[in-house]
Structure formats: C-alpha cells, structure tokens
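> model the following, please.
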Amino acid sequence: MANSSDSSTSSPASDAPKRGFFSRKPKAAKVKKPSRLKQIGEVFQMTRRHDPMVPWLMLLAFLGVVAVSFVVGYLLDNWITGLIIGIPLGILAATLILSRRAERAAFAQIENQPGASGAALGTLKRGWITEDQPVAVNPRTQDAVFRAIGRPGVVLVSEGPSSRVKPLVDAERKRLARILPNVTIHVIESGRGEGQVPISQVAKKMTKLKNELTKLEVNTVSKRISSLGSRLPIPKGIDPYKARPDRKAARGR
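Below you'll find the predicted structure:
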C-alpha cells in the first residue's frame with residue numbers, strides 16, 4: 001500500500017521535463033529595456049509639464065543652428081553641405097536645451113521635500129565621495145545635514161531654515177574638526193531663504209570651491225571619517241533615494 005501511494009503522488013521535480021546530458025540550459029527571459037527614443041519622449045513630457053516653454057526653446061535652437069549653417073554654406077557656395085551639417089547640430093542644440101530644462105524640472109519636483117539636498121549631491125561628477133543618508137538630522141523638524149568629501153575638503157550641505165539647522169551644522173563641524181584639524185570644512189545652506197543656495201545650484205557651487213587636497217588625501221579623509229561609523233538612526237520620512245533625480249533620464253541617455 002505504501003508503494004502504491006508513493007507512486008500515485010508525483011513531486012514537482014518529477015513533473016518537470018528532464019534535460020538531457022548534452023542539452024542546453026533554457027535561457028531566462030530578458031527584461032526588455034525601453035528604447036532611447038522612448039526615454040527621451042518620457043523626459044520631454046515630464047519637462048513640458050513643468051516648463052511649457054521647452055518645445056518652443058528647442059525649436060528655436062534647432063532653427064537657429066540650421067539657419068546659421070545654411071547661411072555659411074550659401075556664402076561658400078555650398079548650401080547643401082551647410083544643411084547636412086546644420087541639421088545634426090540643430091538636433092544636438094535642441095537636445096542640450098531639453099537636458100538643461102529637464103534637470104531643472106527634476107529639481108523642482110523634489111524641492112522642499114526631505115532628502116532634496118542629498119539628491120543635489122547625487123548630481124556631482126567624479127572626484128566626490130557622497131553619502132546617501134544625512135549625517136545629522138532633527139527627528140522633530142526633519143532638518144538635516146548631508147556631507148560630501150572632495151578635493152576642496154569636506155562640504156556640509158544643510159537642509160532647513162538657517163536659524164533652526166545651525167545647531168546641527170555647528171555640532172557636525174566641531175566633530176569633524178577634532179579628527180580633521182587640517183582639512184577645510186565648507187558649509188552650504190540649501191533653500192530659497194536669504195543667503196541660501198537653491199538645490200539646483202548646490203553642485204555647481206561646490207565645483208567652484210578651490211581645491212586643497214589631492215586624490216589620495218580625499219580617500220584618506222573618507223576612510224578616517226568612515227572609521228568613526230554612523231552615530232544616529234535615520235527617522236522615518238528621510239529617504240534620499242526617493243528624492244534622487246535620474247541624471248541619465250534627464251539627459252535622455
């Protein structure tokens with residue numbers, strides 16, 4: 001009886017088709033990524049919702065470049081070549097306009113949201129070491145301080161009203177000064193208040209700071225800070241990943 005019952009019940013493994021010794025393993029289905037044209041279309045629609053002037057600016061840039069190329073070609077008695085060169089350049093100019101406006105639109109969506117300053121640090125180019133989470137935060141007001149390490153030194157980017165976030169910035173600056181006495185610590189206040197920098201301009205302001213460290217010293221400073229570990233739990237509501245803009249999408253790549 002036991003044998004008959006065992007034979008009547010089939011396991012999932014027995015139901016699966018057996019693969020021969022020399023047969024190939026079936027390939028897993030690949031997730032199809034959206035094409036570049038589709039990505040550019042999505043970026044264009046997102047940007048147009050926040051900036052209705054984008055289509056007209058792109059058209060103006062395209063026509064302007066093509067017109068200049070045509071005139072130059074006409075003066076050289078070869079206007080066809082001028083158009084052949086001008087049309088791709090016009091498309092490139094329109095794409096650059098879209099890229100700039102798309103980045104502004106992306107920042108406009110996340111401005112005044114928790115983690116927006118961390119999103120601004122995410123747009124920095126190579127050479128900077130940033131952290132996804134704030135290094136200091138007020139759980140009650142959600143004011144926060146983010147940190148980046150680069151050749152200019154250590155940059156603290158605050159998020160919140162100046163008077164309210166100042167104690168957090170001062171405490172973090174004193175903490176870093178104890179372990180990095182010879183490293184310059186810069187402070188940038190993000191926001192729309194007096195003396196503050198809009199989040200769309202934070203990365204630009206940081207790149208204009210004077211370089212004081214070598215690449216090797218930047219890594220040394222980062223390791224020294226990392227050795228201290230994190231000293232605070234991140235409260236609910238601070239999620240820099242949700243606020244991070246997609247630079248590749250903004251550029252249509």
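
> burial count for residue 144?
28 (other CB atoms under 10 Å). Bear in mind the C-beta positions are built from the backbone N, C-alpha and C, glycine included.

> skipping adjacent residues, who's closest to it in space?
residue 134 (3.8 Å; CB to CB, 6 or more residues apart in numbering).

> pLDDT at that neighbour, what is it?
With respect to pLDDT, residue 134 has a value of 88.

> pull the number of nearby residues for it.
27.

> quick check: it vs residue 121, distance?
10 Å (CB to CB, to the nearest Å).

> identify the contacts common to those two.
By CB atoms under 8 Å, 6 or more residues apart in numbering, residue 134 and residue 121 have these common neighbours: residue 146.

> in stretch 120-134, what's buried?
120, 121, 122, 123, 124, 128, 129, 130, 131, 133, 134 (16 or more other CB atoms under 10 Å).

> now do the same end-to-end measure for it.
Stretch 120-134 has its terminal residues 12 Å apart, counting by CA to CA, to the nearest Å.

> helix or strand for residue 189, which one?
Element membership for residue 189 (DSSP states H and E) is strand 185-190.

> what is that strand packed up against?
Applying 3 or more CB pairs under 8 Å, 6 or more residues apart in numbering; DSSP states H and E, one finds that strand 185-190 contacts helix 116-121, strand 153-159, helix 162-179, helix 199-207.

> ok, and what's touching the shortest one?
The contact list for helix 116-121, computed with CB under 8 Å, 6+ apart, reads 107, 110, 128, 130-134, 144, 146, 148, 157-159, 190, 199-200, 202-203, 240, 243-245.
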